[in-house]
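> kindly return the folded structure for what I paste below:
(2 chains)
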There are 2 protein chains.
Amino acid sequence: MPMPDIVCQIARGDLDAEIILRTETVVAFLDRRPLFKGHTLVCPVEHAPTVLELPADAAAPLLVAVQRVAEAMKTALGAEGTFVAVNNVVSQSVPHVHVHVVPRKTGDGLRGFFWPRQAYAEGERFAYAERLRAALAG
Amino acid sequence: MPMPDIVCQIARGDLDAEIILRTETVVAFLDRRPLFKGHTLVCPVEHAPTVLELPADAAAPLLVAVQRVAEAMKTALGAEGTFVAVNNVVSQSVPHVHVHVVPRKTGDGLRGFFWPRQAYAEGERFAYAERLRAALAG
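Presented below is the predicted three-dimensional model:
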């Protein structure tokens, strides 16, 4: 069964949400199960399944909305920083682009990018770069 | 001691990196300690400490570069999806905006947003939304 697009439903007003910001092109509302309280999803109103399908002219209004929400987290919640993230396809639970904006404080326990990192073997980093460069040139 | 801005150093050519994409406004190179091999940092060439200081006209070229890199990860590395993320201030190890683009496969073990989530108490979600709405209106 396909996952319901709750972002389109919220943007149309068919589903209830704590909307904190609404512009012509963007809707932002609280995630119901936050990483930290205040965790917000900033979404383009126009449907796009993932970041890869987002039209270039959607980028600036989306960035400005993310910036406004992140600033509000400092003022309203005392956030010292923010974690801004998008899952595309894998780990993506709603099939409509939603930018997670999560208020952060030093020592809040979110490991962020401190998951175990991998190491490249000798020459392997170059090999990966070559594969990506070839795909980008193609 | 302030952290060195390795992004500006790489963009200027003063520091070695596996650069996979370079445009007038964007430079993208492999993270040396990847979450998964091929993990790339996509960065605006013009210095901006965090997403909050990024000029709006930097958004579209940065989005297009992220999209190109994410597409290349599918072609070159067989990625099924991508994780796209930015740490601002907290957990940010280089003081220059860098967008992590991480290739994902189903069952790769990256928990993404499956860290323990919190629950709002009765009325608390509304209270958080009100604080953010007030800050956004101010």
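
> centre of the chain to stretch A:10-19, how far?
18 Å (Cα atoms, centre = their mean, to the nearest Å).

> restrict that stretch to CA atoms and write it as PDB.
Provided in PDB are the C-alpha atoms of stretch A:10-19 (Å, rounded to 0.1, in the frame of the first residue of the first chain):
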ATOM      1  CA  ILE A  10      -1.900  19.300   5.300                       C
ATOM      2  CA  ALA A  11      -1.200  21.900   2.600                       C
ATOM      3  CA  ARG A  12      -4.800  21.500   1.300                       C
ATOM      4  CA  GLY A  13      -6.200  21.700   4.800                       C
ATOM      5  CA  ASP A  14      -7.500  18.200   4.700                       C
ATOM      6  CA  LEU A  15      -5.400  17.000   7.600                       C
ATOM      7  CA  ASP A  16      -4.800  18.800  10.900                       C
ATOM      8  CA  ALA A  17      -1.300  20.000  11.900                       C
ATOM      9  CA  GLU A  18       0.400  22.600  14.000                       C
ATOM     10  CA  ILE A  19       1.300  24.800  11.100                       C
END
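
> quick one: contacts of it?
If you take Cβ atoms under 8 Å, 6 or more residues apart in numbering or on different chains as the criterion, stretch A:10-19 is touched by A:6, A:9, A:27-30, A:43, A:45, B:125-126, B:128-129. C-betas here are computed from N, CA, C, even on glycine.

> dig out what the spatially most central residue of chain A forms beta bridges with.
The residue lying closest to the centre of chain A (Cα atoms, centre = their mean) is A:V99, at 2.3 Å. Beta-bridge partners recorded for A:V99 (DSSP bridges): A:V42.

> show me where chain A has helices.
Secondary structure of chain A, counting by DSSP state H: helices at A:6-12, A:59-77, A:124-137.

> the second one and chain B in contact?
So that's helix A:59-77. Yes: using Cβ under 8 Å from any Cβ of the partner chain, helix A:59-77 comes into contact with chain B via A:59-60, A:62-64, A:66-73, A:75-77.

> thinking again about what came up before, so the residue nearest to the centre of chain A sits against A:N87, correct?
No: counting by Cβ atoms under 8 Å, A:V99 stays clear of A:N87, with 10.2 Å between them.

> mind listing what the top strand by length along chain A pairs with, with the direction of each?
As assigned by DSSP state E, the longest strand anywhere in chain A is strand A:81-88. Under the criterion DSSP bridges, strand A:81-88 sits next to strand A:99-104 (antiparallel), strand B:81-88 (antiparallel) in its sheet.

> just send those back as a markdown table, with distance to B:L110 too.
Output for the strands paired with strand A:81-88, formatted as a markdown table (distance: least, Cβ to Cβ, whole Å):
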| stretch | distance to B:L110 |
| --- | --- |
| strand A:99-104 | 15 |
| strand B:81-88 | 7 |
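
> compare those and give me the one nearest B:A119.
strand A:99-104 (15.6 Å; Cβ to Cβ).

> list of residues touching the closest one?
Contact partners of strand A:99-104, identified using Cβ under 8 Å, 6+ apart, comprise A:28, A:31, A:34-43, A:62, A:66, A:69-70, A:73, A:77, A:79-86, A:110, A:112, B:87-91, B:113.

> quick one, what contacts A:Q67?
If you count contacts by Cβ under 8 Å, 6+ apart, A:Q67 has them with B:51-52, B:54.

> low-confidence ranges, chain A, go.
Applying pLDDT under 70 to chain A picks out residues A:1-2, A:112-115.

> quick revisit: can you say which of the contacts of strand A:99-104 are buried?
Neighbour-count burial (16 or more other Cβ atoms under 10 Å in any protein chain shown) applied to the contacts of strand A:99-104 gives A:28, A:31, A:34-43, A:62, A:66, A:69-70, A:73, A:77, A:79-86, A:110, A:112, B:87-91, B:113.
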